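Q: could you look at this predicted model? Sequence included:
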Amino acid sequence: MSPPPLQLRALSVTDEKAALDQGDVLFTGQEFFVGISPWTNPRGAEAVAEAFRDFRVSTVPVGGGGHLTGFLSMADPQTIAHGCSHSTQRALRVGRGLAGEEIPIWGGGSQNLGRGQPSKNPPETPKVPLRLPKGPQKLSETPSRP
């Protein structure tokens, strides 16, 4: 007996001028980060914001010829794992909202960049903070599992 089909919705970008690569999209469970890279442009980020109006969408400059998920990934629901390169550190410091304003990526307030729908995390509601190290750190041991 085969497993049941996944109950997933597939979305397609219909804007011919939008470029969007899955390697440049990171969803934290609370918001989307879209890397602007050789494979993804701002119109691609706008397509993500249009498709997911209830979530904040922020762009992140991706340098070094890679993809956003090449240096950022979700380690667990509250932890973003990241590399230590210059491009990574730059991306961690600042991203750009779709309106063009500079915003801190890991700031406590949230803005509605989803084209008119209320944000799931309005500014008066603090978000659950993500655990991010202050600088490069090495793991001294493998974390134990509960």
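A: Thanks, I have the structure now.

Q: from now on I want contacts and neighbour counts done on CA atoms only, so please keep to that.
A: Noted.

Q: quick one: the helices in the protein, in order.
A: If DSSP state H is used as the criterion, the helices of the chain fall at 42-51, 86-93.

Q: for the longest one, which helices and strands make contact with it?
A: Yep, that's helix 42-51 we're talking about. Using 3 or more Cα pairs under 8 Å, 6 or more residues apart in numbering; DSSP states H and E as the contact criterion, the elements in contact with helix 42-51 are strand 31-36, strand 56-61.

Q: need these in TSV (columns: mean pLDDT, distance to Glu50 and mean neighbour count).
A: Shown next, in TSV, are these (pLDDT from 0 to 100; distance: least, Cα to Cα, whole Å; neighbours: other Cα atoms under 10 Å):
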stretch	mean pLDDT	distance to Glu50	mean neighbour count
strand 31-36	90	12	25
strand 56-61	87	9	26
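
Q: got these as CSV, with distance to Gln78 columns?
A: Putting the helices and strands packed on helix 42-51 into CSV (distance: least, Cα to Cα, whole Å) gives the following:
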stretch, distance to Gln78
strand 31-36, 12
strand 56-61, 17
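
Q: what's the closest of those to Asp21?
A: For Asp21, the closest of these is strand 31-36, at 9.0 Å, according to Cα to Cα.

Q: tell me what the closest one is packed against?
A: Contacts of strand 31-36 with other secondary structure elements, assessed using 3+ Cα pairs under 8 Å, 6+ apart, are made with strand 25-27, helix 42-51, strand 56-61.

Q: what comes up buried for the shortest one?
A: By neighbour count, with 16 or more other Cα atoms under 10 Å as the criterion, the buried positions of strand 25-27 are 25-26.
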